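Peer 1: Fold the following for me, if possible:
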Amino acid sequence: MDERILFECRIGNAVEPLARLLDGLEAAGLEHGWTPSFQMHIALVVEELVVNAVSYGGQLPGQGWVEVRIESAEGGVNILIEDNGQAFDPFSAATPDTELDIDSRAIGGLGVHFVRELTQSQRYERNGAINRVSLFKRQADTDPLDSGDTA
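Peer 2: Sure thing, here's the model as predicted:
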């Protein structure tokens, strides 16, 4: 395996294998010394995009797949999520108005908003029959969530 690859997992297009993917991601985080908040942010981003691909990709059971790969990068990690579902650019949707109260907001889009907020760069491309989402997540030297305070 390429030494830059920190994590790689491919699952079928169902929500059930997501737990295995997230468990593997957690193990990779422990192995590579990720801070708890960095680990949590990566898990949130991956879970959001994988659930969207599985839920809305339009593939029949047994025909679809989603693959997640995380590679080391200068100052953080690159996250690549690919699937063979219908073409869909998650970043083409308008940013939700988070100032509105919950009853006044349009349904949808909040998860992708979190992906944008938790990563420093996002890109979507369609390569043949494959959706490819590429993200960069910076790893800060210090993080207030990792201060050790539990009070």
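
Peer 1: roughly how far apart are Ser55 and Ala27?
Peer 2: Ser55 sits 25 Å away from Ala27, taking C-beta to C-beta, to the nearest Å as the criterion. (C-beta placed from N, C-alpha, C; glycine too.)

Peer 1: the longest helix in the protein is where?
Peer 2: Ranked by number of residues, the top helix in the chain under DSSP state H is helix 36-56.

Peer 1: From the chain's centroid, how far away is that one?
Peer 2: Relative to its parent chain, helix 36-56 has a centroid offset of 4 Å by C-alpha atoms, centre = their mean, to the nearest Å.

Peer 1: which residues in this protein form strands?
Peer 2: For the chain, the strands defined by DSSP state E occupy 5-12, 65-73, 76-83, 121-127, 130-138.

Peer 1: got a list of contacts for the first one?
Peer 2: Same thing as strand 5-12. For strand 5-12, contacts defined as C-beta atoms under 8 Å, 6 or more residues apart in numbering pick out 1, 17-18, 20-21, 24-25, 28, 32, 50, 61-62, 64-72, 77.

Peer 1: Can you pull up the most central residue in the protein?
Peer 2: Centroid-nearest residue in the chain: Val46, 2.2 Å away (criterion: C-alpha atoms, centre = their mean).
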